[in-house]
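Visitor: Pasting the sequence and the predicted model now:
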Amino acid sequence: MTLDFLGTLQRTHLCGDLRSNNSGETITLMGWVNRRRDHGNLIFLDLRDRSGITQVVLDKEAAPLAHSKAEAARPEYVVAVTGRLRQRGPGLANPNMPTGEVELVAHELLLLNDAKTPPFSPAEDAPVNEEVRLKYRYIDLRRPELQRNFELRHNVTRAIREYLSDHGFLEIETPLLTRSTPEGARDYLVPSRVHPGHFFALPQSPQIFKQLLMVSGFDRYFQIARCFRDEDLRADRQPDFTQIDLEISFPQMSTIFAVAEGFLHAAFAAAGITLPAKPFVQMTYDQAIQRYGIDKPDMRLPAMVDLTDTLTPELRERLRIEPTLPVLGFVIPRAGTMSGTQRRALTDEARQFFGDCGLDLLDVTRLKTNADFTHLADNIDAQLADALAKEHALAHDTDGETVDPLGALNTDDLAIVVTPKLGTPALWNYDPQWIYKKVGGLRLELAKKFADKHGRFTQTNTAADFKFLWVTDFPMYEWNEASKTWDAAHHPFTSPHEDDILAGRLTSDKGAVRALAYDIVLNGTELGSGSIRIHRKDVQAEIFRSLGMDEAEQKARFGFFLDALEYGTPPHGGIALGLDRIAMILAGATSLREVIAFPKTAKAIDLMVDAPTTVSDQQLRDLSLRIVPRS
């Protein structure tokens, strides 16, 4: 087989653009052979490019040379074809293809390149091992599903960029080679050849640089920024990723919320989703923990209900429940009617989930069979039902209206009540909210277990699929049990609440200090984090001191930044949202790898280019480095 050169031939249309109104036109298409069907004198080629597929007909009598070349064509060959477009015959249209009413009758076919038989076919929906997909990513990316994902990502990115540009933001790039700074994960280090023994770091975020841009007077900055973090990976993490990064001078927290909500409305509109006009729900960190047991609540599921006061001291004594700790309940709607055996198995699963921490399930169904406890069981049932009714009203935008209580749960609703056994500790690893977090974890596990029944995670491609909220007032510090120290819960440039500073809590009660920090959460996924920053040198130095840095260490690590704060730094704040995560959720994907062109595996390996890899001894010598075994 002899391959052809393209010569001066030019494509006139994309494969997916042809329609009945193009009938009679002379068309030139170029792309990949998706499928080939040989009917003797007639050969049919389904020709694919990123816009779609067109059926090409090669008739041996009308175009013998083109037909003979089509005999040699195979799937994934690259071809160019010229012919006349015509309507398909009666009953031959394919309603499953946008171009299904027409076909191209070819009089010329060029075989531009051949192709080995690929390890999997982009034309088929059969499952493929993910490692194979990543090794042959250039073939994987030919699949229509992934091509749609990246067109979606492009449209979302463009909408965000246009929105921010229209609202006074300047897009400014910040360095990819910088110094190592503490931002919550390990840095990727880059050794300097010019300065032996010294290292650049790839930025975990543009944090310090965007604050310096506010010092520089740019007022409103944004960047579609590449970021790098050397951390353990999972489905929604990659070592290199993209975030929508912005900073504003002289903002209130509400200013930043309005901007972020605005560009999210624009991004979702670009994906065909019109979000409701009202502001996103807001709650404090403490409220999120108490209602959902987690700081990134999935509000598609009913919240937890505090039943602490429902169980009186007398009832607790009779049921052997710790007298002062919280009792929490929640409902998994429409989980299905359960037999006694199924309920016991579920109880065993919950106990295994809790381990030996002291929490247990209260069998409300069994309480209903005991006359001494029927009133308690009915009361619990009514409170859970009332919470479900309010949750339903919130989900259907009936805020402010009177909500009729349901009175009782449906027979297929699963009610879970968690109680602390006698002797259960009030603190666990210095965390007074550990019970809420444990119960919140069980809530999510059972929601996943019964997902097919309750249907709360089912995608309908409408605004109802997406539950946004802002979580505010995070703790400023978190206890590090290993080092027995208080560490910054966020980066150390986050401003504490003014009243906590004035009350002296930075030194007297770190666990009570609140940060002017906020997260935006969507369906249980943290889309982004931000904060009002520290703009005064005296406050920044005090925060560094509270984290155990003396003046010498502050100067060595952040001297340039502390110097900048002395030159008229305005109050400022910002936020960064994960572009990859937004694209993943809008695409209905379960992994970032479906919306990142060339991703890494969970072990941070690029299977396609076989990276990371060793380098030559000469390269190491140029960098004044040598490899030694880890002790």
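Guide: Noted; the coordinates are in hand. Residues are numbered from 1 along each chain as shown.
Visitor: residue contacts, Pro326?
Guide: Pro326 sits next to Asp306, Thr308, Pro420, Ile435, Tyr436 when contact means CB atoms under 8 Å, 6 or more residues apart in numbering. To be clear about C-beta, it is placed using only N, CA and C from the backbone, and glycine gets the same treatment.
Visitor: need those in CSV with pLDDT, can you?
Guide: What follows is those, written out as CSV (pLDDT from 0 to 100):
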residue, pLDDT
Asp306, 97
Thr308, 96
Pro420, 97
Ile435, 97
Tyr436, 97
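Visitor: of all these, which two lie farthest apart?
Guide: Farthest pair in these (CB to CB) is Asp306 and Pro420. Separation: 13.3 Å.
Visitor: Neighbour count for the two, which is higher?
Guide: Comparing Asp306 with Pro420 by other CB atoms under 10 Å, the one with more neighbours is Pro420, at 23 against 16.
Visitor: quick one, helices of the stretch 301-450 of the chain?
Guide: 313-319, 340-354, 364-367, 374-395, 434-449 (DSSP state H, counting those that start in this stretch).
Visitor: ditto for the stretch 451-600 of the chain
Guide: Using DSSP H, counting those that start in this stretch, the helices of the stretch 451-600 of the chain run over 451-454, 498-502, 505-508, 537-546, 551-564, 579-587.
Visitor: about what we covered before: out of the helices of the stretch 301-450 of the chain, deepest packed?
Guide: Scoring the helices of the stretch 301-450 of the chain by mean neighbour count under mean count of other CB atoms under 10 Å gives helix 434-449 as the most buried, with a mean of 19.
Visitor: What is it packed up against?
Guide: Under the contact criterion of 3 or more CB pairs under 8 Å, 6 or more residues apart in numbering; DSSP states H and E, helix 434-449 touches helix 285-292, strand 328-332, helix 340-354, strand 359-361, strand 414-420.
Visitor: what about these, which gets the closest to Glu551?
Guide: Closest to Glu551 of those, according to CB to CB: helix 285-292, at 31.7 Å.
Visitor: which of the residues in that closest one are buried?
Guide: For helix 285-292, a neighbour-count test (16 or more other CB atoms under 10 Å) marks Tyr285, Asp286, Ala288, Ile289, Gln290, Arg291, Tyr292 as buried.
Visitor: now stretch 132-149
Guide: Buried residues in stretch 132-149, defined by neighbour count with 16+ other CB under 10 Å: 133-137, 139-144, 146-147, 149.
Visitor: swap in stretch 358-372?
Guide: Gly358, Leu359, Asp360, Leu361, Leu362, Val364, Leu367.
Visitor: Compute the number of surrounding residues for Gly573.
Guide: Residues near Gly573, counting by other CB under 10 Å, number 26.
Visitor: what about the closest residue in space to it that isn't next to it in sequence, how many residues close to it?
Guide: Taking CB to CB, 6 or more residues apart in numbering, and ignoring the residues beside it in sequence, Gly573 has Ile532 as its nearest neighbour in space, at 3.9 Å. Ile532: 22 surrounding residues under other CB under 10 Å.
Visitor: Ile532 touches Pro570, doesn't it?
Guide: No - between Ile532 and Pro570 there is no contact under CB atoms under 8 Å: 11.8 Å.
Visitor: between the contacts of Pro326, which is nearest Met549?
Guide: Using CB to CB, Tyr436 is the member of these that lies nearest Met549, at 32.6 Å.
Visitor: For the closest one, give me its contacts.
Guide: With contact taken as CB under 8 Å, 6+ apart, Tyr436 is in contact with Ile289, Gln290, Gly293, Met304, Pro326, Leu328.
Visitor: same thing but at 7 Å, please
Guide: Tyr436 makes contacts with Ile289, Gln290, Gly293, Leu328, as judged by CB atoms under 7 Å, 6 or more residues apart in numbering.
Visitor: and the third one, how many neighbours?
Guide: Each residue near Gly293 was counted by other CB under 10 Å, and the total is 24.
Visitor: Excluding chain neighbours, give the residue nearest to it in space.
Guide: Nearest non-adjacent residue to Gly293 (CB to CB, 6+ apart): Gly440, at 1.5 Å.
Visitor: Against Ser624, how distant is that neighbour?
Guide: From Gly440 across to Ser624, the span is 50 Å (CB to CB, to the nearest Å).
Visitor: Make JSON lines out of the buried residues of helix 285-292 and add pLDDT.
Guide: Below are the buried residues of helix 285-292 laid out as JSON lines (pLDDT from 0 to 100):
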{"residue": "Tyr285", "pLDDT": "97"}
{"residue": "Asp286", "pLDDT": "96"}
{"residue": "Ala288", "pLDDT": "97"}
{"residue": "Ile289", "pLDDT": "97"}
{"residue": "Gln290", "pLDDT": "96"}
{"residue": "Arg291", "pLDDT": "96"}
{"residue": "Tyr292", "pLDDT": "97"}
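Visitor: Look at Thr266 and tell me its secondary structure.
Guide: For the record, residue 266 is Ala, not Thr. What DSSP: H, G, I helix; E, B strand; the rest coil gives for Ala266 is helix.
Visitor: List the contacts of it.
Guide: Applying CB under 7 Å, 6+ apart, we find Ala266 in contact with Ala159, Ile160, Tyr163.
Visitor: what is the rounded mean pLDDT of stretch 607-617?
Guide: Mean per-residue pLDDT for stretch 607-617: 95.
Visitor: CA atoms only: put it into PDB for me.
Guide: What follows is stretch 607-617 as a C-alpha-only set of coordinates in PDB (Å, rounded to 0.1, in the frame of the first residue of the first chain):
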ATOM      1  CA  LEU A 607       2.300   6.000  32.000                       C
ATOM      2  CA  MET A 608       2.300   7.500  28.500                       C
ATOM      3  CA  VAL A 609       5.700   9.300  28.700                       C
ATOM      4  CA  ASP A 610       7.000   7.000  31.500                       C
ATOM      5  CA  ALA A 611       7.700   9.800  34.000                       C
ATOM      6  CA  PRO A 612       9.200  10.300  36.500                       C
ATOM      7  CA  THR A 613      12.400   8.700  35.300                       C
ATOM      8  CA  THR A 614      16.100   8.600  36.200                       C
ATOM      9  CA  VAL A 615      18.500  11.100  34.700                       C
ATOM     10  CA  SER A 616      22.100  10.700  33.600                       C
ATOM     11  CA  ASP A 617      25.100  11.100  36.000                       C
END
